[in-house]
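Trainee: Sequence plus the predicted model coming up.
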Amino acid sequence: MSALWIAHVTVTDEAAYGEYAKRATGAIAAHGGVFLARGGAYEQLEGPDRPRNVVARFPSLQAAHDCYYSDAYQEALSFAKGASQRELSIVEEIE
């Protein structure tokens with residue numbers, strides 16, 4: 001089953017986060033990830049408001065997990081730490 005990587009983000013350092021986004025894009029693609037939403041208009045209905053919302057689809061829960069823990073993504077993530085407040089979840093899709 002495919003899985004969704006769902007992130008809610010408040011960016012606090014645009015330059016550093018931009019570097020994260022550039023590097024993360026390659027790591028995500030290398031694990032079969034495809035962006036379904038990346039920023040854009042949104043409506044916050046519940047919970048903390050995070051103005052950047054990202055959804056990526058991976059071929060499986062394992063692929064999404066492997067992407068997160070890959071060397072390439074962890075390197076990218078080092079640019080996001082201290083440059084954002086984030087929540088990130090992996091959710092298996094229903095077939």
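Mentor: Sure thing, it's come through.

Trainee: Next, count neighbours for the closest residue to R50 other than its chain neighbours.
Mentor: The shortest distance from R50 to any non-neighbouring residue, by C-beta to C-beta, 6 or more residues apart in numbering, is to H8 (3.7 Å). Yep, even glycine has a C-beta here, placed from its N, CA and C like the rest. Burial of H8 is recorded as 19 neighbouring residues (other C-beta atoms under 10 Å).

Trainee: contacting residues for H8?
Mentor: G47, P48, R50, R52, N53, R86, E87 (C-beta atoms under 8 Å, 6 or more residues apart in numbering).

Trainee: For the closest residue to the first one other than its chain neighbours, give the beta-bridge partners.
Mentor: Going back to what we said before, that points to G47. If the residues on either side of it in the chain are set aside, G47 comes closest to H8, at 8.0 Å by C-beta to C-beta, 6+ apart. Beta-bridge partners of H8, counted by DSSP bridges, are N53, E87.

Trainee: Now do H8 against S78, distance only.
Mentor: From H8 over to S78 the distance is 20 Å, taken as C-beta to C-beta, to the nearest Å.

Trainee: picking that back up, any of the contacts of H8 buried? List them.
Mentor: Among those, those scoring as buried are R50, R52, N53, R86 (criterion: 16 or more other C-beta atoms under 10 Å).

Trainee: residues contacting the second one?
Mentor: The one in question is R52. Neighbour list for R52: A7, H8, V9, T10, V11, G39 [criterion: C-beta under 8 Å, 6+ apart].

Trainee: Do a quick rundown of the helices in this structure.
Mentor: Using DSSP state H, the helices of the chain run over residues 14-30, 61-69, 71-80.

Trainee: list the buried ones in the last one?
Mentor: The neighbour-count check on helix 71-80 (16+ other C-beta under 10 Å) flags Y73, A76, L77, F79, A80 as buried.

Trainee: again with the first one
Mentor: Buried residues in helix 14-30, counted by 16+ other C-beta under 10 Å: A16, Y17, E19, Y20, A21, R23, A24, A27, I28.
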